[in-house]
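*Asks:* next input, structure requested:
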Amino acid sequence: MSTLLLRAYDQLMADIAAYRALRPCDRFYPHSSSQAIPRLVLVTKGVDVPTMQNLIMQREHRLLGENRLAELQHKAAALKAYGISWVYIGALQSKKIPKIVALCDEIQSVGSWAHLELIEKAAKAIDKHHFRVFLQVNIACEPQKSGFSADEVRRVFATITSTTFSHIYICGLMVLPPKEDAILAQRGKLPRSYQDIVKLHCECDRKELSLGMSKDWKLALDLGSTTLRIGSAVFFPDV
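*Replies:* This next block holds a predicted model:
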């Protein structure tokens, strides 16, 4: 397992670097000319602590993502000595926000103004400054998903000023495209929802975009994504 894990990780990193180097600019994102390697959040849902520990020790990858508080608490305690930067990517519940803020450096799944205020309050209570948050965008307004609509995102950025929040920083957008569009993206298509993501990101002039998982990261880079959230390609490559 250890050899296969490291091989999968090394292959992914090499593939991302090679693909990024081939692009003089983002294919569908003319405002960007960066060839920088994106941040890679390794999603550790369902991954046991020894496996994570092995990867951390062998490859020194310390940017990890979790989507359940209980699992985050367990793993954060077990891996405390390794200086992990935890990113929360799961659905938020108001009562759990203080615990998440205490353990994480970043939340990518903020889907309401009320949660922004609660995260600000929690960060302020423990004197945690510049806590990074991404607005989760429900780009296709799917009823089963949480998140801001495109119009709500526009209103947020039109509303906030440099003094609106003192302890959190809204650094960008996080998007979970519709499942059927993600499948089209894997086939090299450019679905409408992905086009809307590019438009919204340009309008909001945000520097960061969290888009792209194990199956669609290439298109995500073409669209200007600065953060990839990948788990199965490393931990479960045969699934």
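*Asks:* who's in contact with stretch 90-104?
*Replies:* 66-69, 72-73, 76, 86-88, 107, 109-111, 114-115, 118-119, 122-123, 125-126, 128, 131, 146 (Cβ atoms under 8 Å, 6 or more residues apart in numbering). All C-beta atoms are positioned from the backbone trio N, CA, C, and that covers glycine.
*Asks:* equivalent analysis for stretch 118-126, please.
*Replies:* 94, 97-98, 100-102, 107, 110, 128-129, 131, 133, 165-168.
*Asks:* what's the farthest-apart pair in those?
*Replies:* Ser94 and His129 (22.0 Å; Cβ to Cβ).
*Asks:* that older thread, only whichever of the contacts of stretch 90-104 are buried, select them in PyMOL.
*Replies:* Burial among the contacts of stretch 90-104 is assessed by 16 or more other Cβ atoms under 10 Å; the matching PyMOL selection reads:
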select buried, resi 66+67+69+72+76+86+87+88+107+109+110+111+115+118+119+122+123+128+131
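*Asks:* center of this structure - which residue?
*Replies:* The residue lying closest to the centre of the chain (Cα atoms, centre = their mean) is Ser210, at 4.5 Å.
*Asks:* does that residue really touch Gly172, like I thought?
*Replies:* Yes: Ser210 is in contact with Gly172 according to Cβ atoms under 8 Å; the separation is 6.5 Å.
*Asks:* overlap in contacts of these two?
*Replies:* Counting by Cβ under 8 Å, 6+ apart, the common neighbours of Ser210 and Gly172 are 134, 226-227.
*Asks:* flag every buried residue along stretch 228-239.
*Replies:* Neighbour counts over stretch 228-239 (16+ other Cβ under 10 Å) mark 228-235 as buried.
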